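Undergrad: Coordinates only, no sequence provided:
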Ligand code: 4NP
């Protein structure tokens, strides 16, 4: 299984989801791959936001080897599941889909934790420290569910 995490900038939410899931897959000896990207081109080549990196590090996850890239149409061919962090990301990715098969790959990340609610991982970029903590808690829980489902 190839899993792609998508947000807007690929410097806060999706690199966190990527870094946490990578480590959990390794810890569980699960042979799936994960990557992340953003729908925008604003932060291409950058490391994750320092505030996200610091929060992740506090809980034992190292995001410093991740680099932002932009979502590309070919990602539909490469990945089996494309998790988006909010409805805006969803619309931006779906717009680039060229088939029903592509569209079915796109899933709202937090539906793993709260099925059918279509809830967003809130964008922490313009907020304070607490926003990054809140994102961590949600992403940590949702990735636990993903891991449990991959074990079945
Ligand atoms: P992300 O957060 O989508 O979780 O990486 C953001 C990063 C940058 C911006 C917005 C959200 N920005 O407007 O530059």
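TA: On my side now, so go ahead. All values reported here derive from a predicted model rather than from experimental measurement.
Undergrad: for this protein, which helix is longest?
TA: Longest helix in the chain, counting residues (DSSP state H): helix 129-151.
Undergrad: how far is that one from where the chain is centred?
TA: Helix 129-151 has its average C-alpha position 10 Å from the chain's average C-alpha position, going by CA atoms, centre = their mean, to the nearest Å.
Undergrad: Need the contact partners of that helix.
TA: 1, 3, 12-13, 16-17, 20-21, 24-25, 28, 30, 32, 51-52, 54-56, 59, 109-110, 112-113, 121-122, 124 (CB atoms under 8 Å, 6 or more residues apart in numbering). C-beta coordinates here come from the backbone N, C-alpha and C atoms, glycine included.
Undergrad: of the residues you listed, buried ones?
TA: 3, 12-13, 16-17, 20-21, 24-25, 32, 51-52, 55-56, 109-110, 112-113, 121, 124 (16 or more other CB atoms under 10 Å).
Undergrad: can you tell me which of those are in helices?
TA: Residues of the buried ones among the contacts of helix 129-151 located in helices (DSSP H): 13, 16-17, 20-21, 24-25, 51-52, 55-56.
Undergrad: from these, which two are the most distant?
TA: Maximum pairwise distance among these (CB to CB): 24.9 Å, between 25 and 51.
Undergrad: filter the contacts of helix 129-151 down to the ones near the ligand?
TA: By CB under 6 Å from any ligand atom, the members of the contacts of helix 129-151 lying near the ligand are 12-13.
Undergrad: sorry, back to before: hmm, the longest helix of the chain touching the ligand?
TA: No - under the criterion of CB under 6 Å from any ligand atom, helix 129-151 makes no contact with the ligand; the nearest approach is 7.7 Å.
Undergrad: buried set for that helix?
TA: By neighbour count on 16+ other CB under 10 Å, the buried set for helix 129-151 is 131-132, 135-136, 138-140, 142-143, 146-147, 150.
Undergrad: next one: stretch 60-68
TA: Applying 16+ other CB under 10 Å to stretch 60-68 flags 61, 63, 66, 68 as buried.
Undergrad: Go through those residues and name the one nearest the ligand.
TA: Distance to the ligand across the buried residues of stretch 60-68 (CB to the nearest ligand atom) is lowest for residue 68, with 7.7 Å.
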